[in-house]
Each structure stands twice: as C-alpha cells, then as structure tokens.
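Novice: Attaching a predicted model along with its sequence, questions to come.
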Amino acid sequence: MEKREELYRGKAKTVYLTDDSDKLILHFRNDTSAFDGQKIEQLDRKGEVNNKFNHFIMTKLEDAGIATQVEALVSDTESLVKKLDMIPVECVVRNVAAGSLVRRLGVEEGLLLDPPVFEFFLKNDALHDPMVNDYHIVSFGWASEAQIAEMKALTFKVNAVLKALFDEAGMMLVDYKLEFGVDAAGNIVLGDEFTPDGCRLWDKETRKKMDKDRFRQGLGSVVETYIEVAERLGLAL
Ligand code: C5P
C-alpha cells in the first residue's frame, strides 16, 4: 500500500489517498483542538495513542458485528481505512448529562439519562455545528430516512457494546459522537474515529474526567489519562 497525496486536513487528522482507489490512510496528528479550533495545542504522543486506541475500539465493534471503516494499523500514527462517502452529520448519544446538553437545557451535569438521548449535529465549523433533526437531514439531502434509521440503530448498538466495555474497566461512557459514511456497495459504515477526543468518560467511583474535557477545561495530564483509559481496557501503549 502506497501513500499518495493529501486529500483532506481536519483539526486532528489528515486523510491521504493511496494507490488503491478504495482505501485511504488516516494520519492521527498530535494537534488537539477545542471550542471550534480556538484552542489548539500539540500534545506529545496523542496521535499515536489515538490511532492505536481507535483501532482497538473499532476492532471490538467489528467483533460485535458493526461494520467499520478500519482495515489495519499501518504505522504508530496511521491507519488504513475503507473510502466512504461521509454523511455530514454527527450522531451523539448521551447516557449522562454533560457538555452542551447541560448548557442548552440547564440540567445538572451528571444526571442519568434513561433512555439515553440521541442528537444530530451538522458538521459545519463556520456555523459551529448546529443541532439538526431528521427533517433537516432528509430535506437538505444529507441522508435518506432509511439511512437515518440505520445510523440511529448502529449508534445505539455501539452504545450497548461500549457502555459494557468501559463499565467492566471502571468507567462510565457519558456521551460520544459518531460519524457514518456510505461504502461502494451502498452500506452505512462507521467512519471517523472513536477515541477519548470524541467521547466523555468518567471514572465510575471518583467521576474523574478521562477524556478531552481534561484539555477543554485545562485539567492537565491529557495524554497520560488517555493512556490510563487504554490500559484499563487492556491495551498497553
Ligand atoms: O459538546 P457536546 O456536549 O455536544 O458533545 C457531546 C459529545 O460529542 C462529547 O463526547 C464530545 O466530545 C463529542 N463531540 C465531538 N466532536 C464535535 C462535537 C462533539 O467529538 N464536533
């Protein structure tokens, strides 16, 4: 597999073409951003930690029967993935109130949400990723009703798998964001990443924050804590 030119540079990852037109390389950089890119720092080893963490989680999801984009680790900071036509919405599930839900609805952080809350956000930095609903998505042609139903079902299937995985390792999966795309055969496939950059994880006993809120809130030990999460899951980094 040969890496070719850069296709897209996001805030934390760069996507490269390869000599296989169906495959891409995701390069996880050390860049860490928050607040729509207003706060950006380079955190030593974060690219490597997130690349390996993402591969570990995506493999668990594949084992549970969820189709993901990930094919293989190709270096410490790079993964080979299937090329997808990405759907420009973020699927967020919340098991516990935190973050923008707390700010928007004035509920207390830590409130258990049963059943969990599902929200869609449009991927658009200039508009600050506004919340959208099913009607916006269908009306603007971002996805069909059937694709919306599939994204919701898969996002909740991921919740069942990962809530149990983190729970067994002493952590609460508070919330997370997923992105999906469509493969060459027209199937909805989980893309992008699942790392502590895109979810909230709290220690079950102490409620210590073990995710990107450490960076957002200036709590320190960001990558060290991501490594602790990985080690608790049995992934040595
Ligand atoms: O900010 P908010 O509370 O809406 O985020 C919900 C979840 O989605 C959090 O785990 C956050 O890290 C993740 N998220 C993300 N990328 C975004 C927006 C939210 O990974 N652009």
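Specialist: Okay, I see it.

Novice: For the spatially closest residue to S221 that is not a sequence neighbour, pull up the helix or strand it's in.
Specialist: Excluding the flanking residues, the one nearest S221 by CB to CB, 6 or more residues apart in numbering is R214, at 6.6 Å. For the C-beta atoms, the positions are set from N, CA and C on the backbone; glycine is no exception. R214 belongs to helix 213-216 when elements are defined using DSSP states H and E.

Novice: For the residue positioned nearest the centre of the chain, report the pLDDT, please.
Specialist: Taking CA atoms, centre = their mean, the centroid of the chain lies closest to F194, which sits 3.6 Å from it. What the model reports for F194 is a pLDDT of 98.

Novice: Repeat that for A230.
Specialist: For A230, the model assigns a pLDDT of 98.

Novice: Using the three-state scheme, assign it.
Specialist: helix (DSSP: H, G, I helix; E, B strand; the rest coil).

Novice: Burial check on the residue of the chain found nearest the ligand, number of neighbours?
Specialist: Nearest to the ligand, among the residues of the chain, is G99, at 2.2 Å (CB to the nearest ligand atom). A total of 15 residues lie near G99 under the criterion other CB atoms under 10 Å.

Novice: Just to check, L80 is in contact with H27?
Specialist: No: using CB atoms under 8 Å, L80 is not in contact with H27; the gap is 11.0 Å.

Novice: Could you tell me which residues of the protein lie near the ligand?
Specialist: Within the chain, the positions near the ligand by CB under 6 Å from any ligand atom are 90, 92, 99-101, 129, 175-177, 198-200, 212.

Novice: Spell out, range by range, the helices that occur in this protein.
Specialist: 46-63, 99-105, 134-139, 145-168, 213-216, 222-232 (DSSP state H).

Novice: thinking again about what came up before, how about the helix holding R214: buried residues?
Specialist: Neighbour-count burial for helix 213-216, counted by 16 or more other CB atoms under 10 Å, picks out D213, R214, F215, R216.

Novice: do stretch 74-85 as well
Specialist: Under 16+ other CB under 10 Å, the buried positions of stretch 74-85 are V74, T77, E78, S79, L80, V81, K82, K83, L84.

Novice: Which members of these define the maximum pairwise distance?
Specialist: Using CB to CB, these span at most 20.5 Å, a distance reached by T77 and L84.

Novice: domains of this structure?
Specialist: Domains of the chain are assigned by automatic domain parsing as 3-82, 85-222.

Novice: The residue of the chain closest to the ligand and D197, how far apart?
Specialist: Distance, G99 to D197, by CB to CB, to the nearest Å: 13 Å.

Novice: One more: L237?
Specialist: Plainly put, L237 is 15 Å away from D197 if you go by CB to CB.

Novice: More neighbours: which of those two?
Specialist: Each of L237 and D197 has its neighbours counted (other CB under 10 Å); D197 has more, 24 against 15.

Novice: Wait, the more buried one touches T32, no?
Specialist: Yes: between D197 and T32 a contact is recorded at 7.2 Å, counting by CB under 8 Å.
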